[in-house]
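Chemist: model this:
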Amino acid sequence: MITDLAKSETKFNLMRAFAGESQARQRYGIAAAFAADEKLYIIQDAFLFTADQEQEHGEIFYDFLKPFAGRNLRVDADYPVDLFNTTLEFLRKAQENEMDEFNSIYRKFGEVAKEEGFEDIAEKFFSIAKIEKTHSERFKKFADLIEKNELFESKVPTKWLCLKCGNVYTGRSVPDYCPVCHHDRGYYLKNENFLITQD
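Modeler: Residues are numbered from 1 along each chain as shown. The predicted model follows:
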């Protein structure tokens, strides 16, 4: 068991994780801008919401590296180049990347940290891995809705929430513009995941 972080593989894994989270933050900012161009504002918000969480994860990992302040750590790792032509492609790749972090990357980093005697670092890797699974599931849900043409359409009357003003609209599809705030339909989200009612 190694208990000196300077002699550990964990210090490199922390830097790899910091770099990965930082890149994910940037990639999701790019994807969000692309979604906005396609007037998919709800997906833009989902990318930005997730990007903020990735930034927080990066800060958590980086904080463990304080003993190396002012020094350089050389790491090798593979990072994705996610440049696509549709929001759907951005969503599917984000789904895949987040699941990789959950299934293999952060679990492996956590096991190494545990073996080296860094229980607190291991716990962060395992905990953040679970969060990455949630990210993957969120991206999958939006991608599935786009593929089924159900992002703004439903086979049965459905309640839809305007994220701009909070209006709840009932129908099989959202209106082109919110009748209350007049924002584009791209701000509507199926209300099924909210405990919000409006008579």
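
Chemist: Kindly report the domain assignment for the protein.
Modeler: According to automatic domain parsing, the chain comprises the domains 5-147, 153-193.

Chemist: Where among those is average confidence lowest?
Modeler: When the domains of the chain are compared on mean pLDDT, domain 153-193 scores lowest, with a mean of 92.

Chemist: can you tell me which strand in the protein is longest?
Modeler: Taking DSSP state E as the assignment, the strand of the chain that covers the most residues is strand 153-162.

Chemist: that older thread, most tightly surrounded among the domains of the chain?
Modeler: Neighbour counts (mean count of other CB atoms under 10 Å) averaged over each of the domains of the chain peak at domain 5-147, with a mean of 18. Bear in mind the C-beta positions are built from the backbone N, C-alpha and C, glycine included.

Chemist: Can you measure across it, start residue to end residue?
Modeler: Distance across domain 5-147, first residue to last, is 46 Å (CA to CA, to the nearest Å).

Chemist: Work out the gap between it and the centre of the chain.
Modeler: Relative to the centre of its chain, domain 5-147 is centred 7 Å away, using CA atoms, centre = their mean, to the nearest Å.

Chemist: what's near enough to touch the residue sitting nearest the centre point of the chain?
Modeler: Nearest residue to the geometric centre of the chain (CA atoms, centre = their mean): T50, 3.6 Å. When contacts are counted by CB atoms under 8 Å, 6 or more residues apart in numbering, T50 touches Y28, A94, H135, R138, F139.

Chemist: Could you rerun that using 7 Å?
Modeler: Y28, H135, R138 (CB atoms under 7 Å, 6 or more residues apart in numbering).

Chemist: do the same with S22
Modeler: With CB under 7 Å, 6+ apart, S22 has these contacts: G58.

Chemist: T10 now?
Modeler: Counting by CB under 7 Å, 6+ apart, T10 makes contact with V112, A113, E116, F118, I121.

Chemist: how about 8 Å then?
Modeler: Counting by CB under 8 Å, 6+ apart, T10 makes contact with F109, V112, A113, E116, F118, I121.

Chemist: Could you check how far the residue nearest to it when sequence neighbours are not counted is from I43?
Modeler: Leaving aside its chain neighbours, T10 sits nearest to A113 (4.6 Å; criterion: CB to CB, 6 or more residues apart in numbering). Per CB to CB, to the nearest Å, A113 is found 34 Å from I43.
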